[in-house]
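K.L.:
sequence? don't have it. structure:
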């Protein structure tokens, strides 16, 4: 059985494709919660696989939290470097349809810690053409 925390590239692309119209067009119908959850979990786990480590925590409530980016890892309490977004914002970032700086400016992405913005170097995870 595959590790629950790993992300298969084909499944990740398929999950993103299932919500792509919603991401490209804000007026498109919202996909089923399970489709959004799959896309969020798989793209976040792909990021964690591509940028292994535990110095930055990426949170997309209520679906997933992953640690990524090599460096010192935290062991207790709240991590010092956190990036948190709602599911749609995360998927826009993960597909390259939104830049991290724009999400921060719009207030749809919260970032804390000196290394949190390093995830921008690893995005997009699954590029979509606008």
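P.N.:
Now that the structure is in, tell me what you want to look at. Please read all numbers here as calculations on a predicted model, not as lab measurements. Residues are numbered from 1 along each chain as shown.
K.L.:
So residue 96 versus residue 113, what's the distance?
P.N.:
For residue 96, the distance to residue 113 (Cβ to Cβ, to the nearest Å) stands at 23 Å. All C-beta atoms are positioned from the backbone trio N, CA, C, and that covers glycine.
K.L.:
Is it correct that residue 37 is in contact with residue 61?
P.N.:
No. Counting by Cβ atoms under 8 Å, no contact exists between residue 37 and residue 61, whose distance comes to 11.3 Å.
K.L.:
Could I get the full set of strands for the protein?
P.N.:
56-60, 64-68, 82-85, 109-112 (DSSP state E).
K.L.:
re earlier: tell me which of residue 37 and residue 61 has more neighbours.
P.N.:
Each of residue 37 and residue 61 has its neighbours counted (other Cβ atoms under 10 Å); residue 37 has more, 17 against 12.
K.L.:
pLDDT value on the more buried one, please?
P.N.:
Note for residue 37: predicted pLDDT of 98.
K.L.:
all helices for this protein, in order.
P.N.:
Using DSSP state H, the helices of the chain run over 9-24, 33-50, 87-94, 100-106.
K.L.:
Good, we can wrap up now.
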